[in-house]
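Q: Quick one: sequence and predicted model below, then my questions.
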Amino acid sequence: MKESIFTISENRKIAENIYLLKLCGNTSDITNCGQFVNIALDGFYLRRPISVCDCEDDVLTLVYKTVGHGTQMMSSLSLGEKLNILTGLGNGYDLKKSGGSPLLIGGGVGVPPLYMLAKKLVQSGKKVSVVLGFNSENEVFFEDEFKKLGCSVTVTTVDGSHGIKGFVTDALPQSYSYFYTCGPEPMLKAVYKATDTDGQFSFEERMGCGFGACMGCSCKVITGYKRICKDGPVLEKGEILWED
């Protein structure tokens, strides 16, 4: 974990309530796809955890949704402003288990952490399929970005305004070697039931400290308890216990 000052180089709206934020700074502690950062904002006690979308040449790319006062404030930040950020948080995805034709399944703001993962998998010669789920067309983002990486991309929308009408589980391919997924818990539960192979789940969770000290984001797994911020956010399919 490293605390660093980053400078905003881009902060723009890319879909309904969705913003892309690019920052310049020390990214040396970001070592794996699926990690997250924790952003300090003036006037707010708790930092805001945001998944890493991409990281290259000391440029950090984040995609976030405006859901509260903190993220609303983030959307108004200007180019050149500075942010205090904790980097290198979380375990991230294990790419070694992907097999030859991995499947990536993302829903809403669970889509961004899959982008860097897709890029790394494609670079290693994998045939990557991606299924992205949204509520409606005005919320769709990164469809073209995944296609430019060389992925096979399917988009679903609940209202049918773009792509396949329905949920991500309505568009899963017939065959794949392994899967990686990130999104809201109801989607993750549905993916768990609908998939036939092993896979990895990245959980979205409210956090306090973001680095395992406060135990505020603990969840029960087969072996006991894990902290989503420290031992996760990525968990293996075989260790997950769903609470009713």
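A: All right, it came through fine.
Q: so where is the chain shaky, pLDDT-wise?
A: 205-217, 232, 244 (pLDDT under 70).
Q: How is it partitioned into domains?
A: 2-89, 95-204 (automatic domain parsing).
Q: out of the ones you listed, which comes closest to Glu243?
A: domain 95-204 (9.5 Å; Cβ to Cβ). Quick note: C-beta positions are derived from backbone N, CA and C, even for glycine.
Q: Give me the distance between the two termini of the closest one.
A: Start to finish, the residues bounding domain 95-204 are 20 Å apart (Cα to Cα, to the nearest Å).
Q: which residues of the protein fall in helices?
A: With DSSP state H as the criterion, the chain has helices at 69-75, 112-123, 143-149, 185-194.
Q: With mean neighbour count and distance to Cys33 added, can I get those in TSV?
A: Formatted as TSV, these follow (neighbours: other Cβ atoms under 10 Å; distance: least, Cβ to Cβ, whole Å):
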stretch	mean neighbour count	distance to Cys33
helix 69-75	15	23
helix 112-123	22	4
helix 143-149	15	13
helix 185-194	16	18
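Q: could these be laid out in CSV, adding distance to Leu89?
A: Shown next, in CSV, are the helices of the chain (distance: least, Cβ to Cβ, whole Å):
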stretch, distance to Leu89
helix 69-75, 17
helix 112-123, 12
helix 143-149, 24
helix 185-194, 20
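Q: So for Val52, which of those sits nearest?
A: Taking the helices of the chain one by one with Cβ to Cβ, helix 112-123 is closest: 6.4 Å.
Q: Not counting that closest one itself, show me its contacts.
A: 33-34, 36, 51-55, 62-63, 93, 95, 98, 102, 104-106, 128, 130, 142, 145-146, 149-151, 180, 182, 202 (Cβ atoms under 8 Å, 6 or more residues apart in numbering).
Q: one more time with 6 Å
A: 33-34, 51, 53-54, 63, 93, 98, 102, 104, 106, 128, 146, 149-151, 182, 202 (Cβ atoms under 6 Å, 6 or more residues apart in numbering).
Q: again with stretch 13-20
A: 12, 63-66, 75, 138-139, 141.
Q: and those residues as JSON lines, adding distance to Thr156?
A: Formatted as JSON lines, the contacts of stretch 13-20 follow (distance: Cβ to Cβ, whole Å):
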{"residue": "Arg12", "distance to Thr156": "25"}
{"residue": "Val63", "distance to Thr156": "19"}
{"residue": "Tyr64", "distance to Thr156": "22"}
{"residue": "Lys65", "distance to Thr156": "18"}
{"residue": "Thr66", "distance to Thr156": "23"}
{"residue": "Ser75", "distance to Thr156": "26"}
{"residue": "Asn138", "distance to Thr156": "15"}
{"residue": "Glu139", "distance to Thr156": "11"}
{"residue": "Phe141", "distance to Thr156": "14"}
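Q: quick one: which of those is nearest Val158?
A: Glu139 (9.6 Å).
Q: So which of the helices of the chain is nearest Gly25?
A: When the helices of the chain are compared by Cβ to Cβ, helix 69-75 sits nearest Gly25, at 15.9 Å.
Q: then stretch 84-94 to CSV, C-alphas only?
A: Listed next in CSV are the C-alpha coordinates belonging to stretch 84-94 (Å, rounded to 0.1, in the frame of the first residue of the first chain):
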residue,chain,number,x,y,z
ASN,A,84,-4.5,12.0,-2.0
ILE,A,85,-4.9,8.4,-2.9
LEU,A,86,-4.0,5.0,-1.3
THR,A,87,-2.9,2.6,-4.0
GLY,A,88,-2.2,-1.1,-4.3
LEU,A,89,-5.2,-2.2,-2.2
GLY,A,90,-6.9,-5.6,-2.5
ASN,A,91,-5.7,-8.9,-4.0
GLY,A,92,-6.9,-8.7,-7.6
TYR,A,93,-7.6,-11.5,-10.1
ASP,A,94,-5.5,-14.6,-10.6
